[in-house]
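J.: quick check, what structure comes out for this input:
(one chain, ligands or ions: 2)
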Amino acid sequence: MSVEFEADAVVLDIEGTTSATGFVTEVLYPYSRERLGRLLVERGDESDVRRATDQVRELLGEPEADAARVEQALTGWLDEDRKATPLKTLQGILWSEGFARGELVSHFYDDVVPVLRRWRAAGLRQYVYSSGSVAAQRAWFAHSPNGDLLPLMEGFFDTENAGPKQSADAYRTITAAIAIRPGRTLFLSDRPAELDAARTAGWYTAGVRRPGEPYYDHGTGGHPEVRSFDHITVGSSVGQARPLPETSRGR
Ligand SMILES: CSCCC(=O)C(=O)COP(=O)(O)O
Ligand SMILES: [Mg+2]
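T.: Ligands and ions are numbered 1, 2, ... in the order given. Okay, here's the model as predicted:
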């Protein structure tokens, strides 16, 4: 199915939307699992590590939890794929260093990068909103198989600077930060609950359903559905694209 939107900004989920969940769980997760323990023990004095460790203790309700207990909690959350902010902060540290060392290269579905280049050339403002930390997102875009994609992007949001992805308030926070009206912003995600929250905040939404992804069988919960970025047309008043007729607009 093809859908058309009249928007000035597009905000992208990563896992399941621009990129394969399998790559995240089979490449990135093991990479962080093998290194979390040493990070906690050897670099516990670094401000981001200390902040994340304190957040883990707070979530556990165990202010005295030692590094071993914190690591046990984090690996438990990794196993259940709980997208807890401190886990994502620590993973982001490890992944961004792995990308910088050339040990990791990100993954994008084939349709994504050409479309992002086209939208950017047309003047659309492009952002990311992912459970992965901003550090992880930036490294992901900087170290893609297509080279450095950071110049295509205007900004990055995660659960620390915006809030939980299933809360409408997070999308309101992003709206305030990017200074683009909610009715001119499109969110693309694989998860219906995230799309619901964005729609509650007044954004356009489209559910991305790709074969093999965990949410493929869940439907899009009534949101316009696409199987490829090639099936999305965005008309932008900041770019050169022509305005779309009212009748063909998706929502
Ligand atoms: C480069 S971000 C790493 C992926 C990740 O850890 C994650 O949780 C992505 O979740 P999303 O919100 O993008 O579905
Ligand atoms: Mg996702």
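
J.: wasn't residue 34 part of a helix?
T.: Yes. Assessed with DSSP: H, G, I helix; E, B strand; the rest coil, residue 34 lies in a helix.

J.: what is the burial count for it?
T.: Neighbour count of residue 34, defined by other Cβ atoms under 10 Å: 10. Where C-beta positions appear, they are placed from N, C-alpha and C, glycine not excepted.

J.: now do the one 3 residues further on
T.: Taking other Cβ under 10 Å as the criterion, the count of residues near residue 37 is 16.

J.: ditto for residue 67
T.: 15.

J.: hang on, residue 10 packs against residue 127?
T.: Yes. Shown here, residue 10 and residue 127 form a contact pair, counting by Cβ atoms under 8 Å, at 7.3 Å.

J.: more crowded one of those two?
T.: The neighbour comparison of residue 10 against residue 127 (other Cβ under 10 Å) goes to residue 10, with 26 against 20.

J.: quick one: residues contacting the residue in the stretch 101-250 of the chain that ligand 1 sits nearest to.
T.: In the stretch 101-250 of the chain, the residue that lies nearest ligand 1 is residue 132 (2.2 Å; Cβ to the nearest ligand atom). By Cβ atoms under 8 Å, 6 or more residues apart in numbering, residue 132 lies in contact with 14-15, 88, 91-92, 140, 158.

J.: neighbour-wise, which one of those leads?
T.: The residue in those with the most neighbours, by other Cβ under 10 Å, is residue 140 (29 neighbours).

J.: can you tell me the element that one falls in?
T.: Taking DSSP states H and E as the criterion, residue 140 maps to helix 134-142.

J.: give me the mean pLDDT for that helix.
T.: In this model, helix 134-142 has an average pLDDT of 98.
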